[in-house]
Structures are given as C-alpha cells and as structure tokens.
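Engineer: give the three-dimensional model of this entry:
(chains A and B)
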Protein chains: 2
Amino acid sequence: MSGTPREVGAAGSRALAHVWAVIPAGGAGTRLWPLSRSAMPKFLRDLTGSGRTLLQETHDRLAPLVGERFVVVTGAAHAEAVRGQLPELAADAVVAEPSPRDSMAAIGLAAALLERRDPEAVMGSFAADHVITHQDRFADAVRTAVAVAREDWLVTIGIEPTFPSAAFGYIHEAGPLAGVEGAGVVDQFVEKPSVETATEYLARGGYRWNAGMFVVRPRVLLDLLASWHPEFAARLREIAADPARLPELWPELPAIALDHAVAEPAAAAGRVATVPAQFGWEDIGDFDALAALLDQARAAGSEGPIVLGDDDLVSALDSTGLVVPHSGRTVAVVGLHDVVVVDTPDAVLVTTRARAQQVKQVVAGLKQARREHLT
Amino acid sequence: MSGTPREVGAAGSRALAHVWAVIPAGGAGTRLWPLSRSAMPKFLRDLTGSGRTLLQETHDRLAPLVGERFVVVTGAAHAEAVRGQLPELAADAVVAEPSPRDSMAAIGLAAALLERRDPEAVMGSFAADHVITHQDRFADAVRTAVAVAREDWLVTIGIEPTFPSAAFGYIHEAGPLAGVEGAGVVDQFVEKPSVETATEYLARGGYRWNAGMFVVRPRVLLDLLASWHPEFAARLREIAADPARLPELWPELPAIALDHAVAEPAAAAGRVATVPAQFGWEDIGDFDALAALLDQARAAGSEGPIVLGDDDLVSALDSTGLVVPHSGRTVAVVGLHDVVVVDTPDAVLVTTRARAQQVKQVVAGLKQARREHLT
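Structural biologist: Alright, predicted model coming up:
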C-alpha cells in the first residue's frame, strides 16, 4: 500500500506498513457453556461487559497497528457471524475453513494467502478470544516483534509470568538476541507444567508464558513448515494459488497445532526469537478465570456477586461469585459463596468457581444424552 | 342427606354423615418463591410430584370421609383456579374472600354457612397446603375427632412429636377425656418454642404438635367465638343469613388467627379436647422442608439431587440437594451440595437447603424494587 515504513491508520495512529493481523477464530470452548456454544463460541460473545465481543476487541486492539490488513480464519459455520460483527473488513478478509484442522492449517493458510498478496508482508497471529489489558505495552511488543520478524525470525511474544501457573505453556530463552534490547533466542517450548515445575521455572528465570502470539514473515513460516512437513506446506501454497481448490485440498491437511508443527522444532533449530511483554493476558478458559478478570475490573469495595449483564436482573443476598443473567429472567442467589450462575434462554448452569473446569463434562454428558442442540 | 350415621362415598368407602370438610386455601408462601407466587400459591402446585396439586391431594384425602360435603374458602384471585382444579365440587362449595382476613374469618364464615345449611353438621378444618402420609391413621383420627366433636367439644388433632421442633406450635394435654380412648382435654396452646423448650416438652410428655386441624360443630365454634368476640360472631352469622352482604361486611372483620381468637381462650375454659395421631405431617414451609419430604419418598440409594419435575432436564455432576426444572429448560449443576435450584419461566432461584428460610427476603426485596410482577 505504501513504500514508507508507516502510514496513518483508521484510528489516526500510525499503522505499520505491510503488517497483517491474522486472527484464528475457532475453538469450541465447552468450559464456558452455556454462554459459549458450538454455534456461538466465546469469541462471538461480549464476555467483559465492554459492549464489544472478544473478536471485536481483538480487532480494535490490532487496527491501530495494521490499519485494514486483517485475515480472520474461522469455521464455515461462523463466517457469517464474523462478517456481521466486523463489517469494516474487506470481503476477502474472512476465510472460512471447510472443517476444523487445528491452528497450523488455519494460520498456515493465512500465511500462504499473504505470501502471494504482499511479498513484503509480516504477519502477527493473535487468537480471537483473548483479553488483553495495557494496550500500549501490547502495541510496543508487537512493534518490536515486527522489527525482529523482518530479520526472518519466527518471533513469539513471551508474557512475563506473575505466578507459577499450571494452565499455560512456557517458553525458555537461551540467551539475548544481539541488537534488539530485551529480545532473546528461544531454545524450547514446554507444555503446561505442574505447579511445582512452574515454581522452579520462575525461580530459575528465563521462562515466559507462551501466549501463542507469533509474528513472522509468511514465507519464513511456510519455509519452516516445509522443513518438517513439506507436503503440508506445499498443499497450503497450492490452495493459495487457486483458492477454488480449498474444499478439495483442505480435508487432507493434518490437524496439528502450530506449536508442535513448527515452533518446537524451529526453536530446537535456533530459528525462534522472543520479545518480552508485561501486558495483562487472559484466555478466559473457564468461569473462574472470567470471574477473576471481571473482579479485577470492578470498583474496589464492591460487594455481592459480579454480574455480567444487567444488574437489575440479579437479586443477591449474602452471596459472592459470578452471575450471568443472559435470558432476561430474574436470577436470585441466596447464601452461596463463589457460586457461578449462568442463565440462558434454554439452559441454566449452577456451579462454583472452584469446580468451573468440570463444566466441560456437562457438555460431554449432554452430547451423550443426544441433546447436542444444547451444546 | 341421610338419617343413617354412614353413607357410601364417592370412592366407595363409607363417608361420615353430616361431616363437612372446610379447606382454608390461602397464604402467600413467599418462602417457596419462585415456585409459589401471589397469583399461584403453593396449594395450587404439585409439590410432591404426585400429579395432583396440594389442594387436590387435600380433597382426595378427605373425600372418602365426607363424600361431596366440602367448603373451600379462598382469595377472590384464586377462586377460579380452585374451581378448575376441583371440578367435582358444587358451585357453592367455593367461597371467595373479598380480601385476606386470616384464619378466624375464613373458617368462621364456613361455620356460619354450614350452621344454617346442616343443623347436625360437624366440620373439620384442614389447610389446603399440608402433606400427610399414613392416610389410614389420618382417617382414624378424623373419625375419633368427629365422635368427640358431636359431644360439643372443640377438637384439635394433636400430632405425636418425633423431634423437638422449633417450627411448630404445641398443644398441652391436661388429662384424659373420659370415655374416649387416647383423647385428652387440652389446657394450653403454646406458640413455636425454642429448641431447648421443645426438648423439655418432649421429656416432660403431654405435648403434641398443633397441626391447626380442628373438628367442631359449627354452632359450637361460633358460640365459643361469641364468648370472646361477640361482634365478630354476629357479623359472620349476618353474612351467612344474607350472603349478598359479604362484600359490605367482610372488610370490617378482624384479621386474627383462629388459635388466638378461639382455641387459646377455649382451652383455658376447658372446652378443647385433643385426639392424638401419628401420621406424617408437613406444611412444606420452605425448600428445605420440601427436599426432606421428597427425599423420604425416593428409593433408597438414590444419588444426586432430588428432582421435582422432569429428570431429563437436569444434568447433575457431584451434587446433592433439590432441583426444580419448571420452565422446560435444561438445568446443569456441578459440584454443589445441598443446593436448591428452582427454574421458572421468568425467574430462577439458587440457594442452599440451610438458607432456604431467607428466600422470603428475596421476595421482599423484589417488592421494594417495584418488581411485584415477579412475586
């Protein structure tokens, strides 16, 4: 669009030239049932009470950095809803996957399309359902990551851990990256550890949370993929060359996460860099995480349960936790602490913050009981 | 209807001649909200899963004893629903109170109507919203009470206490009633005691639970009332003489419980007898009482929460308590013990069995918040 390194973006701030935001928008999210459904996953919901859905917030956060350069890769069932929520996107900015094939296929397809469209492209991949605070720190990290990615690194944004979480994967930094302050070279991705192991990581230092945010030239990503999965990379490039072949070629792609397909072997090969960041980051894995997030945001000294939705619909007496009145009905809660009540037009969930992870078992049970229409 | 002491009742069993069942059907029942509403009190609900409402069960329990001789006294707002639930009743068997005036006015009006209608009448007054097990023992107690009432006693059925309850009033028996085995003369009604006092009562003996079941000749009841409240008795007899004056005279009647207006002073005057009984009796004061009642009825070894309604609508995981799916929606409960979840089309309640008494505070709060339409 422009030969200068920066241009004026929609919000009046300066967008980075040739930088594209790729948003994989998928995932069933059964642990947020009944708010999140297979037909209405969490990224299509306003889970923060901001008035914007998680997908829209993801867009809003990236637009100042990339202007109008977006590619959203989503399930065929959700493409229409995605277009409806982001009417500002160009028609070809929403790519519909014929079937779920995990993150490598989704992000790899975007890379293959961008490789042809903009030879100077640098792409950043950011999930559609994460919540991020400290916008300025996020933007700074992306800018630094873009600069490093232009040097042909696969760059991952590493979140400074604030506690020994067993819920996230970790990145290990082998040493500094010459020439870029704060950046490092990654030698290992580690899967979600035990709390004991995570505590060791924090004591030892050099470990960061893997937020799954990658910044890379499309060509570099596909060439790395080609090193370990040559057929996979070739197929993606065939689809990009002739998008009409998508329905035919897509089902043959392996369902594998980008971390396993590329990031882990690339780290072992010394091709991955990391840029540290200290912004708030939450993937809202369950109602406990959602409650924690909303609790941080509310006024100090607030009492009673957190309400996501219309306060007037909730009558609480001597209770704490999270109430989501999402059907227009009144929800009364008496004498329960750290309770979670989610009320929707066809199903109501009652659990506790401590048991929130088990909600996925309810969804599995409903499927077994042939009540998929509720899931 | 017949000069013989017994006649064949609807169910084929023998009804007692000249014996009338009076059913005061009132009470807001806010502690069973949102199942019980001002427009749909608990007696109009099937709270036991029997397929019959509490009012219908009360009727069914009494029909073998009284045949078709019923008088139901209810609020004007509920008269239509009462007639709908008991189509077998004669048109004049349902008496609509223009406004709530407590139990003395309701039962006294029935007495005044029956005094004119059947000079040999004996009436038994039984609340519309009690649950009674051991039908045979109940019938035996009523038969004995009727025999004693024919001797012009005000007879109360006294339930043998099985534990020192602080939720019920007590009757104290001064000594045996000559000529009727098991019956006694009552010298005192005591209001709900503390658990300590109730424990003393049980240790001392001679105390029974006051279930508010009175059997008495209408003339005797009104004459007793006339001893302490002559105007009240006179007004009731005026209404009975000319029912068209009901709307005019009713609002002037005092709102007072029969226990205070007649039973207590009559006991002090040596005019009250008691017939002991050992049937199961429950007034379902709140969801804890309802859960206890339903728990007794279910198969030994049953797991998970008790469901009042369609089992298929409830998905429970590692939970106990009571779930009432009453809106057709699915209710999922995960990891909560002794929880109470009541789901209705416009409101859902979540509490615990231990906190069930506080539900009335929610209803009070809704009224304050000008949301009476939900109460």
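Engineer: hang on, residue A:182 packs against residue A:278?
Structural biologist: No: between residue A:182 and residue A:278 there is no contact, the gap being 10.5 Å when judged by Cβ atoms under 8 Å. Using the backbone N, CA and C atoms, a C-beta is placed for each residue, glycine as well.
Engineer: can you tell me the centre-most residue of chain A?
Structural biologist: With distances taken as Cα atoms, centre = their mean, residue A:127 lies nearest the centre of chain A, 2.2 Å away.
Engineer: now for the biggest strand by length in chain A, which elements pack on it?
Structural biologist: Across chain A, the strand with the greatest residue count (assigned by DSSP state E) is strand A:207-216. Counting contacts by 3 or more Cβ pairs under 8 Å, 6 or more residues apart in numbering or on different chains; DSSP states H and E, strand A:207-216 packs against helix A:102-117, strand A:122-125, helix A:135-149, strand A:154-159, strand A:170-176, strand A:272-277.
Engineer: and chain A, which residues reach chain B?
Structural biologist: Within chain A, the positions lying close to chain B (Cβ under 8 Å from any Cβ of the partner chain) are A:33-34, A:312, A:315, A:317-318, A:329-336, A:339, A:341, A:343, A:345-352, A:354-355, A:358-359, A:361-362, A:365-366, A:369, A:371, A:374.
Engineer: could you redo the last one with a cut-off of 7 Å?
Structural biologist: A:315, A:317, A:329-336, A:339, A:341, A:343, A:346-352, A:355, A:358-359, A:361-362, A:365-366, A:374 (Cβ under 7 Å from any Cβ of the partner chain).
Engineer: of those residues, grab the buried ones for PyMOL.
Structural biologist: Selection command for PyMOL covering only the buried members of these, criterion 16 or more other Cβ atoms under 10 Å in any protein chain shown:
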select buried, chain A and resi 315+317+329+330+331+332+333+334+335+336+339+341+343+347+348+349+350+351+352+355+358+359+361+362+366+374
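Engineer: the residues of chain A next to chain B in strands, which ones?
Structural biologist: Checking the residues of chain A next to chain B against DSSP E, those in strands are A:315, A:317, A:330-334, A:339, A:341, A:343, A:347-352.
Engineer: farthest pair within these?
Structural biologist: The span of those, defined through Cβ to Cβ, is set by A:317 and A:347 at 24.1 Å.
Engineer: could I get the helices and strands packed on strand A:207-216 in TSV, plus columns for mean pLDDT, mean neighbour count and distance to residue A:232?
Structural biologist: Below are those laid out as TSV (pLDDT from 0 to 100; neighbours: other Cβ atoms under 10 Å in any protein chain shown; distance: least, Cβ to Cβ, whole Å):
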stretch	mean pLDDT	mean neighbour count	distance to residue A:232
helix A:102-117	97	24	7
strand A:122-125	98	25	17
helix A:135-149	96	19	21
strand A:154-159	97	26	16
strand A:170-176	95	18	23
strand A:272-277	96	25	19
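Engineer: so can I have CSV of the ones you listed showing distance to residue A:71?
Structural biologist: Formatted as CSV, the helices and strands packed on strand A:207-216 follow (distance: least, Cβ to Cβ, whole Å):
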stretch, distance to residue A:71
helix A:102-117, 4
strand A:122-125, 8
helix A:135-149, 16
strand A:154-159, 18
strand A:170-176, 25
strand A:272-277, 22
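Engineer: minimum distance to residue A:16: which of those has it?
Structural biologist: Of the helices and strands packed on strand A:207-216, nearest to residue A:16 by Cβ to Cβ is helix A:135-149, at 5.7 Å.
Engineer: tilt between the closest one and strand A:207-216?
Structural biologist: Going by axes from the mean of the first three to the mean of the last three Cα atoms, to 10 degrees, helix A:135-149 is angled at 60 degrees with respect to strand A:207-216.
Engineer: next one: the residue in the stretch 201-350 of chain A positioned nearest to chain B, what pLDDT does it get?
Structural biologist: Closest approach between the stretch 201-350 of chain A and chain B, counting by Cβ to the nearest Cβ: residue A:335, at 3.2 Å. At residue A:335, the pLDDT value in this model is 97.
Engineer: which residue is the nearest non-sequential neighbour of it?
Structural biologist: residue B:355 (3.2 Å; Cβ to Cβ, 6 or more residues apart in numbering or on different chains).
Engineer: ok, now residue A:282?
Structural biologist: Per Cβ to Cβ, 6+ apart, closest to residue A:282 is residue A:131, 4.6 Å.
Engineer: next up, the contacts around that neighbour.
Structural biologist: A:48, A:54, A:282, A:284, A:293 (Cβ atoms under 7 Å, 6 or more residues apart in numbering or on different chains).
Engineer: let's see which of these end up in helices.
Structural biologist: A:54, A:293 (DSSP state H).
Engineer: OK, contacts around the closest residue to residue A:209 other than its chain neighbours?
Structural biologist: With sequence-adjacent residues excluded and distances taken as Cβ to Cβ, 6+ apart, residue A:209 is closest to residue A:159, at 4.1 Å. Taking Cβ under 7 Å, 6+ apart, we find residue A:159 in contact with A:208, A:209, A:211, A:277, A:281.
Engineer: so residue A:72 is in which element?
Structural biologist: strand A:70-75 (DSSP states H and E).
Engineer: tell me which residues are up against whatever helix or strand comes next after that strand.
Structural biologist: Per DSSP H and E, the first helix or strand lying C-terminal to strand A:70-75 is helix A:79-85. Applying Cβ under 7 Å, 6+ apart, the contact partners of helix A:79-85 are A:25, A:44, A:53, A:55, A:56, A:72, A:74, A:94, A:96.
Engineer: now do stretch A:256-263
Structural biologist: Contacts of stretch A:256-263 (Cβ under 7 Å, 6+ apart): A:102-104, A:107, A:154, A:156, A:189, A:214, A:221, A:224-225, A:228-229, A:272.
Engineer: now that stretch: buried residues?
Structural biologist: A:256, A:258, A:259, A:261, A:262, A:263.
Engineer: contact partners for the closest residue to chain B within the stretch 51-200 of chain A?
Structural biologist: Of all residues in the stretch 51-200 of chain A, the one sitting closest to chain B is residue A:167 (18.6 Å; Cβ to the nearest Cβ). Going by Cβ under 7 Å, 6+ apart, residue A:167 touches A:192, A:285.
Engineer: distance of it from residue A:160?
Structural biologist: 16 Å (Cβ to Cβ, to the nearest Å).
Engineer: residue A:185 pairs with what?
Structural biologist: residue A:175, residue A:273 (DSSP bridges).
Engineer: that one contacts residue A:275, correct?
Structural biologist: No: using Cβ atoms under 7 Å as the test, residue A:185 is too far from residue A:275 to be in contact (11.4 Å).
Engineer: and the angle for the strand holding residue A:72 with helix A:102-117?
Structural biologist: Using the same axes, to 10 degrees: strand A:70-75 against helix A:102-117 is 140 degrees.
Engineer: so what touches strand A:70-75?
Structural biologist: A:20-26, A:59, A:82, A:89, A:93-97, A:100, A:106, A:109-110, A:113-114.
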